[in-house]
Structures are given as structure tokens and as C-alpha cells.
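Asker: Give me a 3D structure for the following:
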Amino acid sequence: MKLWTWDTMLAEGVESHPEELDAFNSLSRIAYASFEEWLGLDMLKCDLATVIVGCRCPDSLKEQQKEAMAWRRRITGSDDPMQWILRHSRNPRNVGFINALTRRYQRKKLCHRNWNGPRAGIRCYCDEHNHEPQPGA
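Answerer: Predicted coordinates for the structure are as follows:
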């Protein structure tokens with residue numbers, strides 16, 4: 001398993017994938033008005049982040065994000081992501097689901113995002129997945 005904190009991902013990206021890093025950072029500055037817009041941006045960011053860190057499982061990151069977004073929408077009872085950000089994201093019960101989701105992906109050794117603390121970032125298990133060799137590798 002490789003851990004890519006957001007800081008290490010950004011530092012690596014500057015040298016190895018500057019175009020993808022610029023695109024990732026640009027997407028981070030786009031405002032969104034609905035969970036659907038937020039999820040759409042995150043799907044693009046998952047693709048870019050996996051390229052930057054060399055992960056070959058963007059679908060795993062996307063699936064985790066879809067589950068987390070569905071939970072956020074269910075908790076807020078609306079399609080307004082600001083409801084989650086301002087009112088619900090700090091509630092330990094609500095955050096508990098997101099943490100449990102992360103632990104489930106970790107137990108199954110699926111590549112995933114971790115949102116909490118100084119080790120927040122991407123956990124990549126590709127070395128253990130026995131992926132087919134990449135062309136040109």
C-alpha cells in the first residue's frame with residue numbers, strides 16, 4: 001500500500017505531471033451548486049489524482065466518492081452541498097459513516113481516499129492487485 005497525502009501528491013505532481021496537477025487545482029477552484037455538480041467535479045479529480053500518483057484504480061476512488069456523496073445528500077435532505085459543509089460535516093455521527101466507508105475500502109484493499117487528519121489523501125493498493133502490465137512499462 002502506498003500513501004499519498006495531498007501534500008505529497010501535489011509535490012510529486014509538480015515534477016511528474018504538471019498538466020494534470022494544474023487541471024486538478026483548477027477543478028478545486030470551481031464552485032458547485034448541487035451534489036451532482038460536486039460529484040461530477042470529483043469524478044474528474046479522481047481521474048487526475050490517479051494519474052498523478054500512478055494508481056490504476058480510478059473506478060474504486062469514484063465508487064467510494066459516489067457512496068459518500070449519496071450519504072451526504074441523504075443526511076442533508078436536499079441537493080444543496082452547502083447544507084452538508086456548513087451544518088452536517090462536523091457532526092461526529094455523520095462523519096462516522098464517512099470514516100466507516102473509508103475503513104471498508106481499506107479492509108478490502110481497494111484504492112480509496114481518506115479525508116481525515118494529516119494522513120488525508122489517497123491510499124493506493126495497486127501493487128497488491130496484480131494489474132496487467134501497462135503498455136510501454
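
Asker: outside of the lowest-mean-pLDDT helix or strand in the chain, which residues touch it?
Answerer: When the helices and strands of the chain are scored by mean pLDDT, DSSP states H and E, helix 6-16 comes last with a mean of 83. When contacts are defined by C-beta atoms under 8 Å, 6 or more residues apart in numbering, helix 6-16 is touched by residues 4, 20-21, 24, 49, 52-53, 120-122. For every residue, glycine as well, the C-beta is placed using N, CA and C.

Asker: Now the buried members of those.
Answerer: Buried members of the contacts of helix 6-16, counted by 16 or more other C-beta atoms under 10 Å: 4, 20-21, 24, 49, 52-53, 121-122.

Asker: taking those one by one, which sit in helices?
Answerer: 20-21, 24, 49, 52-53 (DSSP state H).

Asker: want to try TSV for the residues you listed, with distance to L61 and pLDDT as columns?
Answerer: Shown next, in TSV, are these (distance: C-beta to C-beta, whole Å; pLDDT from 0 to 100):
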residue	distance to L61	pLDDT
E20	14	91
L21	17	90
F24	13	91
A49	7	91
I52	12	90
V53	10	90
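
Asker: mind checking how far the residue most central in space within the chain is from I52?
Answerer: For the chain, the residue nearest the mean C-alpha position is R113 (4.3 Å; C-alpha atoms, centre = their mean). Separation of R113 from I52 (C-beta to C-beta, to the nearest Å): 13 Å.

Asker: With C126 instead?
Answerer: Note on C126: its distance to I52, by C-beta to C-beta, is 14 Å.

Asker: Next: D22.
Answerer: Counting by C-beta to C-beta - D22 and I52 are separated by 11 Å.

Asker: T8 too?
Answerer: 10 Å.

Asker: my read: E67 touches A100, true?
Answerer: No - counting by C-beta atoms under 8 Å, E67 stays clear of A100, with 10.5 Å between them.

Asker: and the two? which has more neighbours close in?
Answerer: Each of E67 and A100 has its neighbours counted (other C-beta atoms under 10 Å); E67 has more, 15 against 10.

Asker: Thanks again, I'm all set now.
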